[in-house]
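Asker: Fold the following for me, if possible:
(2 chains)
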There are 2 protein chains.
Amino acid sequence: MKKVTILDIAKELNITFSTVARALNDHPAISENTKKAVREVAERLNYRQNKIASSLRSGKTNVIGVIVPSLQVTFFSSVVYGIEQVMNANGYNILLYQSNEKMDQEAGGIETFLQSRVDGIIASITTETTSFDHYEEIINRKTPLLFFDRNPKELNAPSVTIDDYKGGFIATEHLIKQGYRRILHITAEQDIPIFKDRLRGYIDALKHYGLEVDEQLIIKGKFSLQFGKEVIQDAKSKHLQFDAVFALEDFTAMGVMQQLQEYKIVIPDEVGVIGFANESFGSLVTPKLSTIDQQTLTMGKEVAKLFLKRIKNDQAAPIAEELKLEPILIVRESSMKLK
Amino acid sequence: MKKVTILDIAKELNITFSTVARALNDHPAISENTKKAVREVAERLNYRQNKIASSLRSGKTNVIGVIVPSLQVTFFSSVVYGIEQVMNANGYNILLYQSNEKMDQEAGGIETFLQSRVDGIIASITTETTSFDHYEEIINRKTPLLFFDRNPKELNAPSVTIDDYKGGFIATEHLIKQGYRRILHITAEQDIPIFKDRLRGYIDALKHYGLEVDEQLIIKGKFSLQFGKEVIQDAKSKHLQFDAVFALEDFTAMGVMQQLQEYKIVIPDEVGVIGFANESFGSLVTPKLSTIDQQTLTMGKEVAKLFLKRIKNDQAAPIAEELKLEPILIVRESSMKLK
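Answerer: Alright, predicted model coming up:
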């Protein structure tokens, strides 16, 4: 496939690339005759008015690139929906790229967006992103860069997150108030700030209510539905005593519930379960899964608004604005011991 | 934000755009002195080697645009995952765009992809797409265009779909073989080939097994979880007799199950339910939802392979290859009357 380019028109008319580009953009320095000839050849060759060429001048494409780990996770697709609502209303188109939790794919996405000359990039990093060269390239090019949820503090970029510490605290507090005392917490093995914050919230809630923090009850792993099942299998084989589980995210919590049901352990009477993220399946399963809502739509809208603010204040040095949203406790059947 | 462009370098050195572009691409007609000067200014101005500019010549960006109605639907995000696997392995990056089932947004996505000079577009159309000018523009520009699942036959473009007629047939046949006789079918009010095919399959299965086709049992509407609930509410108020429901897709089937449970109607003993699409929540709910699997990962991989084949045979006229995959019956608890 060979696209017709400005060069093809230039060759055909034996004039320069620059003359053609200026003619197509109605530049006053180009004669009417030349413009007419260029337009005729352009039409004949089926040349499409090249908006990229004009964006070379204005530096604007009105396209924003969004990089997320996976759109199969409701959390991310829902934040993206919020971003789209605000950005579309402001004349921007959103292009999406999935890193699939791989750092090299993430870097490929950034490269692709920069090639496409996007006006800005909004991202949530992968769980394996430990170096940030690819993100620094965005900053060096003075392309606006913002983060939501998974935000690398190293880059000091504007971001919208929720208060994960508070989320961990209120999830644990809710279980305590329902009468649970031996609360198992599943967290990530990787060093990801949001999950560490949730863990800190869990620990502080236990302390706040005078309960013991038992290291045996803090389980680290590669979170997934499968891992949730394994945690319960493992706990059973080790005769670990616990009466509730707070999982770092809903898929893991779902695995916990499935394995408990397999063992005929009654939820929430014998063991209470709460997840995190309010994935869409949580209200469809039996028992319905309690969780922490992250205000995804609001998060998307707020990061979009922050972006619009950022490009308006272009001349000023970018301010590392950090917006923290409140987590919301969603109590459903899986943790309702007191009825 | 003002990006440094070739024009900025040209102005600085008082030479033409074309000279700068050629110098940056090491064109033999440009002197070494000029090239050196261009490189120095480019570096000083922090100009990024513009891959778009070189793609103007090669006509290749190695980026493929994928347009889908919504990535919140497992079906679409799973097909996309299959596309990514094959295309990434072949050196392509995938950019995604959500139409959110709106035709004007779909057109905006195509415009954005064409501006970004993607090497091809893979799409699944919205439920409201009735004219195809925006897709014809892709074809006119000789940019490869392929469809999956929702494929407008008008365009005669290569596509990968599943055999929806057969899917409708085997879903209905399964219910009949489980002993259900009054099977209600929920279909779309819009004129969408895939849903019409499923309906035809339903009708032919009934006929094949000597059962009456009752128009009262064919309900049309804007499919959604909410609509599924409304169908059951409506059926109850009208005292409609039925002992099974085949819904055109899983969210609607889920609404049907929720409303049946609300009415204390036992699934599958009193009423059997089957959906379509094998959404991820189906295996998590109680009872687990029977459905038709559309081989999403295979669909994604096959459409990617068809794309690679299409660009290799670039000189030949594009062949409207249509690949139809086999639907797979997934029997779970919601339709297992015979145990």
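Asker: For the rest of this, base every contact and every neighbour count on C-alpha atoms.
Answerer: Will do.
Asker: which residue packs closest to the closest residue to chain B within the stretch 151-300 of chain A, ignoring adjacent ones?
Answerer: For the stretch 151-300 of chain A, the residue positioned closest to chain B under C-alpha to the nearest C-alpha is A:Val285, at a distance of 4.3 Å. Counting by C-alpha to C-alpha, 6 or more residues apart in numbering or on different chains, A:Val285 lies nearest to B:Val285, which is 4.3 Å off, once chain neighbours are set aside.
Asker: Neighbours of the one you found, how many?
Answerer: 21 (other C-alpha atoms under 10 Å in any protein chain shown).
Asker: hang on, the earlier thing: can I assume the residue of the stretch 151-300 of chain A closest to chain B is in contact with B:Thr286?
Answerer: Yes: here A:Val285 reaches B:Thr286: they are 6.2 Å apart, a contact under C-alpha atoms under 8 Å.
Asker: Which phi and psi values does the residue of the stretch 101-250 of chain A found nearest chain B adopt?
Answerer: Relative to chain B, the nearest point of the stretch 101-250 of chain A is A:Ser116 (5.2 Å; C-alpha to the nearest C-alpha). The phi and psi values for A:Ser116, taken as degrees, to the nearest 10, are phi -80, psi 0.
Asker: pLDDT below threshold where in the stretch 151-300 of chain A?
Answerer: The model of the stretch 151-300 of chain A has no residue with pLDDT under 70.
Asker: the helices in it, which residues?
Answerer: A:164-177, A:193-208, A:225-237, A:250-262, A:296-312 (DSSP state H, counting those that start in this stretch).
Asker: Surely A:Ser242 and A:Arg182 touch.
Answerer: Rather than Ser, residue A:242 is Phe. Yes: under the criterion of C-alpha under 8 Å, A:Phe242 makes contact with A:Arg182 at 4.6 Å.
Asker: Now for those two: what residues contact both?
Answerer: Contact criterion C-alpha atoms under 8 Å, 6 or more residues apart in numbering or on different chains; residues bridging A:Phe242 and A:Arg182 by contacting each: A:Leu217.
Asker: Compare these two and say which is more crowded by neighbours.
Answerer: Neighbour count, other C-alpha under 10 Å: between A:Phe242 and A:Arg182, A:Arg182 has more, with 21 against 17.
Asker: Touching, the more buried one and A:Phe246? I think so.
Answerer: No: taking contacts as C-alpha under 8 Å, A:Arg182 lies outside contact range of A:Phe246: 10.6 Å.
Asker: Please tell me how far the closest residue to A:Leu175 other than its chain neighbours sits from chain B.
Answerer: Setting aside the residues directly before and after it, A:Leu175 is nearest to A:Ser335 in space (C-alpha to C-alpha, 6+ apart), at 6.9 Å. Distance, A:Ser335 to chain B, by C-alpha to the nearest C-alpha, to the nearest Å: 17 Å.
Asker: Got the phi and psi for A:Ser335?
Answerer: phi -130, psi 10.
Asker: So for it, what's the pLDDT?
Answerer: Per-residue confidence (pLDDT) for A:Ser335: 98.
Asker: Not counting its neighbours along the chain, what's nearest A:Ile203?
Answerer: That would be A:Val213: by C-alpha to C-alpha, 6+ apart, it lies 6.5 Å from A:Ile203.
Asker: what's the one you found sitting at in phi/psi?
Answerer: According to degrees, to the nearest 10, A:Val213 has phi -90, psi 110.
Asker: residues contacting it?
Answerer: Counting by C-alpha under 8 Å, 6+ apart, A:Val213 has contacts A:Ile203, A:Leu206, A:Lys207.
Asker: Can you tell me which of the residues you listed are buried?
Answerer: A:Ile203, A:Leu206 (16 or more other C-alpha atoms under 10 Å in any protein chain shown).
Asker: would you turn the contacts of A:Val213 into TSV with distance to A:Asn313?
Answerer: TSV is the format used below for these (distance: C-alpha to C-alpha, whole Å):
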residue	distance to A:Asn313
A:Ile203	41
A:Leu206	44
A:Lys207	44
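Asker: Quick one: residues contacting the residue in the stretch 51-200 of chain A that chain B sits nearest to.
Answerer: Using C-alpha to the nearest C-alpha, the closest approach of the stretch 51-200 of chain A to chain B is made by A:Leu96 at 4.6 Å. Counting by C-alpha under 8 Å, 6+ apart, A:Leu96 touches A:Gly65, A:Val66, A:Ile67, A:Val68, B:Leu95, B:Leu96, B:Tyr97.
Asker: Tell me which of those residues fall in strands.
Answerer: Per DSSP state E, strands hold the following members of the contacts of A:Leu96: A:Gly65, A:Val66, A:Ile67, A:Val68, B:Leu95, B:Leu96, B:Tyr97.
Asker: Report the buried members of those residues.
Answerer: Buried members of those, scored by 16+ other C-alpha under 10 Å, are A:Gly65, A:Val66, A:Ile67, A:Val68, B:Leu95, B:Leu96, B:Tyr97.
Asker: What is the burial count for the spatially closest residue to A:Ala21 that is not a sequence neighbour?
Answerer: Nearest residue to A:Ala21, sequence neighbours excluded (C-alpha to C-alpha, 6+ apart): A:Ile6, at 6.7 Å. Neighbour count for A:Ile6, taken as other C-alpha under 10 Å: 25.
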